[in-house]
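[1] Can you look at this prediction? I've put the sequence above it.
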Amino acid sequence: MTPGTSSASGMRVIFMGSPEFAVPSLEALVHEGFEVCMVCTPPDKRRSRGGPPEPTPVKKKAMELGLPVQDVLDVHDPKFHNTLRALEADLSVVVAFRLLPNAVLDATRLGAVNIHASLLPAYRGAAPIHHAVLNGEKETGCTLFVLNQQMDAGQILAQKTSPIHPDDTTGDVYERLQTLGAKLLVETLPAWDRGELTPVHQDDRNATPAPKVFSKDGWLRLGLSASQVHNQARAMTPTPGAWIRVQGEKVKIHRTKTLELSELPSFSRDIKSLELGTLTLWNKRLFVGCGEQTALEIVRLQQPGKTPIAGYEYSLGRELDHLHVEYSPEF
């Protein structure tokens, strides 16, 4: 499809979003010829301590594209509702924004649709990618659905799947899904506008939660098996970050790796003596003891105020047998 063709049906679209995840969807709408008549995003704020107020990634992109922008502080403000209705738009497209009242959902002819980074009804909530990786899912995807007053519970218009590879971090999956979601959006909206799609109700019995994650969720639970700890580490990377404490120092874990089956025979003699939370070297690789007599390789880590280094570099000049590793007691 090319800009300005009938594929976009001349649709007037209000776009609502904030983070980087929403940017490809905004770009795709413009590229495919949709008329984006307004971009709604939160006001500028300080992204770093002492720094100047900065626009959201969506606002930055909208300004680059020459689109009109509306800073939205309160989605319940009647003045905001009046502004939306006055645009006489066909549809609101919402990507990683916030829960919206009926007055916003009803301000356009077709209501509002949302791109969500999971195969709904799985992983409803603020952190669907984090939880899919944490649970060791091998597949995820994006869902385009009609917004209602419930969290991620509206009728489904379309879905696309995407694999989760064994060593993927949340950041890796995030990059793939933001592109996938944009493609799903522009491929589906013309058919929705023409009345060719029948929305499908979600089965609430199969719904699973994906609440927001915090720094404490990155404290590695070494009492679990190495494969489960690996899932936790990659789920919390790059943010909020995976970490352990070594001699009281918070050490950030950037990359982990589980042992290949072909390596287990030669490693099995050492693994039996590797206690939970103990660090050891094997073939110039750093391992930490996990639950169920398993071991996880720490490929890359970072001490406070220093640059990331390989696990082997961290071991140089240290007596690993004397290091005490603190880990989360929550299993």
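    The structure has been received and is ready for your questions. Numbering: from 1, shown residues only.

[2] what helix or strand is the nearest residue to residue 330 once chain neighbours are set aside on?
    Spatial nearest neighbour of residue 330, excluding adjacent residues (Cβ to Cβ, 6 or more residues apart in numbering): residue 221 at 5.9 Å. All C-beta spots, glycine's among them, are computed from the backbone N, C-alpha and C. Per DSSP states H and E: residue 221 is located in neither a helix nor a strand.

[3] Also residue 192?
    Judged by DSSP H and E, residue 192 forms part of helix 170-193.

[4] name the helices or strands packed onto the helix or strand just after that helix?
    Next along the chain after helix 170-193, taking DSSP H and E as the criterion, comes helix 226-235. Counting contacts by 3 or more Cβ pairs under 8 Å, 6 or more residues apart in numbering; DSSP states H and E, helix 226-235 is packed against helix 128-134, strand 242-246, strand 249-258, strand 285-290, strand 294-302.

[5] residues making contact with helix 226-235?
    130-131, 133-136, 167-170, 213, 218, 220-222, 224, 242, 253, 255-259, 290-292, 294-296 (Cβ atoms under 8 Å, 6 or more residues apart in numbering).

[6] Please save the CA atoms from stretch 312-325 in PDB.
    The C-alpha trace of stretch 312-325 is given here as PDB (Å, rounded to 0.1, in the frame of the first residue of the first chain):
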ATOM      1  CA  TYR A 312      34.700 -13.800  33.400                       C
ATOM      2  CA  GLU A 313      36.200 -10.300  33.700                       C
ATOM      3  CA  TYR A 314      34.200  -9.900  36.900                       C
ATOM      4  CA  SER A 315      35.900 -13.000  38.400                       C
ATOM      5  CA  LEU A 316      39.400 -11.800  37.800                       C
ATOM      6  CA  GLY A 317      41.200 -11.000  41.100                       C
ATOM      7  CA  ARG A 318      38.300 -12.300  43.200                       C
ATOM      8  CA  GLU A 319      38.100 -15.300  45.500                       C
ATOM      9  CA  LEU A 320      34.700 -16.500  44.300                       C
ATOM     10  CA  ASP A 321      34.400 -19.100  47.100                       C
ATOM     11  CA  HIS A 322      34.300 -16.200  49.700                       C
ATOM     12  CA  LEU A 323      31.700 -14.100  47.900                       C
ATOM     13  CA  HIS A 324      28.200 -14.000  49.400                       C
ATOM     14  CA  VAL A 325      25.400 -13.700  46.900                       C
END
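
[7] from the chain's centre, how far out does it sit?
    33 Å (Cα atoms, centre = their mean, to the nearest Å).

[8] Not counting its own residues, what contacts that stretch?
    222, 244-247, 277-281, 284-286, 288, 298, 301, 303.

[9] are any of those residues buried, and which?
    222, 244, 246, 277, 278, 279, 280, 285, 286, 288, 298, 301 (16 or more other Cβ atoms under 10 Å).

[10] Wait, the residue nearest to residue 330 touches residue 296, no?
    No. Judged on Cβ atoms under 8 Å, residue 221 makes no contact with residue 296 at a distance of 11.3 Å.

[11] who has more neighbours, those two?
    residue 296 (25 against 17; other Cβ atoms under 10 Å).

[12] nearest residue to that one other than its sequence neighbours?
    residue 226 (4.1 Å).
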